[in-house]
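Undergrad: Sequence and predicted structure below; questions after.
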Amino acid sequence: MAPPRTPRTGQVFLDPRGEDRSLRVTWHQESQLVVLSLWRDNVCAGTFRLAADEVPDLIALLRQGLDEAYDAARERVERVERPSQAG
């Protein structure tokens, strides 16, 4: 099977579960839209249209989740590296 083509105005993200699952993100400047589409075996299973003016809110949400994940990982590392407080 041929690998999915990367759109000229977007990006393809492969699903770690495999089975030719992917998320495609494409900009449509003429419509002021970002289209998120779910693909499997080079067949589009569904799309979501996000208005360009809503993209900053999506980015902020993703950034917040990433920050929280980093903070949680940092706390786990600090607990492991910290000597036991037990006497």
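TA: Yep, it's here.
Undergrad: Okay, and C44 sits in which element?
TA: For C44, the element it lies in under DSSP states H and E is strand 43-51.
Undergrad: What of E19?
TA: E19 belongs to no helix or strand, assigned by DSSP H and E.
Undergrad: And E68, by the same measure?
TA: helix 55-81.
Undergrad: what is the orientation angle of that helix with strand 43-51?
TA: 110 degrees (axes from the mean of the first three to the mean of the last three C-alpha atoms, to 10 degrees).
Undergrad: buried stuff in helix 55-81?
TA: Within helix 55-81, no residue is scored as buried using 16 or more other C-beta atoms under 10 Å. No exception for glycine: its C-beta is placed from N, CA and C like everyone else's.
Undergrad: same deal with stretch 28-47?
TA: For stretch 28-47, by 16+ other C-beta under 10 Å, it's 33-37, 39.
Undergrad: possible to save these as CSV with secondary structure, distance to Q11 and pLDDT?
TA: As requested, these are exported to CSV (DSSP: H, G, I helix; E, B strand; the rest coil; distance: C-beta to C-beta, whole Å; pLDDT from 0 to 100):
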residue, secondary structure, distance to Q11, pLDDT
L33, strand, 15, 95
V34, strand, 11, 96
V35, strand, 12, 96
L36, strand, 11, 96
S37, strand, 12, 97
W39, strand, 13, 95
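Undergrad: and which of the residues you listed is nearest to R74?
TA: Nearest to R74, judged by C-beta to C-beta, of the buried residues of stretch 28-47 is L36 at 30.1 Å.
Undergrad: need the contact list for the closest one.
TA: Residues counted as contacts of L36 (C-beta atoms under 8 Å, 6 or more residues apart in numbering) are 23-25, 47-48, 50.
Undergrad: So it versus L66, what's the distance?
TA: 18 Å (C-beta to C-beta, to the nearest Å).
Undergrad: on that earlier part again, and the furthest pair within the buried residues of stretch 28-47?
TA: Across those (C-beta to C-beta), the longest gap, 17.9 Å, separates L33 and W39.
Undergrad: If V34 is in a bridge, with which residues?
TA: V34 has these beta-bridge partners by DSSP bridges: W27, L50.
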